[in-house]
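Got a predicted structure here, sequence first:
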Amino acid sequence: EVQLVESGGDLVQAGGSLRLSCAASGFTFDDYSLGWFRQAPGKEREGVSCISSGDGSTYYADSVKGRFTIHSDNAKNTVYLQLNSLKPEDTAVYYCAASRGTIVDVATPPWVYEYWGQGTRVTVSS
C-alpha cells in the first residue's frame, strides 16, 4: 500500500521557521519525483517546490524562492520542506505528492501526481 504521511505543520509567528516532513512507503522512492503543494482557504492548490527523479534538480515557486528548501533523504524515503522567513500568506495546508514521471516544473498541475499525503496545516500569525 502506497502511503505519504506529512508532519511538521504548526502555528508559528511571522518570520519563524518550520520543517515539514513527508515519509513515503509502498513504492520505489528513488524512481519518483516529489512535490510539495499548498492550498489556502478558498484558493486552488498550488505547487510550492519539487525535486526531480531524473537528476535531483529542485524547483521553487517564485513566492517561496530563497525562503523554502526541499530536500530528499532516499535512505529514509522521506522528503523535507524547510520553511524559513514565514509570512502570513504562507498559511495553508501543505501536501506532498509523488509522480512516476520526471517533473521539471514546479507549476506541474496536481493531476500529474499519482500519490498524495493527507496534508499538514501551517498557520503563520502576523
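In hand now; what should we look at?

and Pro88, what are its phi and psi?
phi -50, psi -30 (degrees, to the nearest 10).

Now for the residue nearest to Thr69 when sequence neighbours are not counted: which residues touch it?
Leaving aside its sequence neighbours, Thr69 sits nearest to Gln82 (Cβ to Cβ, 6 or more residues apart in numbering; 4.4 Å). The C-beta positions use only the backbone N, C-alpha and C, and glycine is treated the same way. For Gln82, the contacting residues are 17-20, 68-71, by Cβ atoms under 8 Å, 6 or more residues apart in numbering.

Tyr59: which of these is nearest?
Ile70 (8.3 Å; Cβ to Cβ).

Surely that closest one forms part of a helix?
No: checked against DSSP: H, G, I helix; E, B strand; the rest coil, Ile70 lies outside a helix; its state is strand.

Cross-check the contact I'm expecting between it and Trp36.
Yes: the pair Ile70 and Trp36 passes the contact test of Cβ atoms under 8 Å, sitting 6.4 Å apart.

more crowded one of the two?
Ranked by neighbour count (other Cβ atoms under 10 Å), Ile70 and Trp36 place Trp36 first, with 27 against 22.

Going by neighbour count, which residues of the one helix or strand Phe37 maps to are buried?
Phe37 is part of strand 33-39, with elements assigned from DSSP states H and E. Along strand 33-39, these residues count as buried under the neighbour rule (16 or more other Cβ atoms under 10 Å): 33-38.
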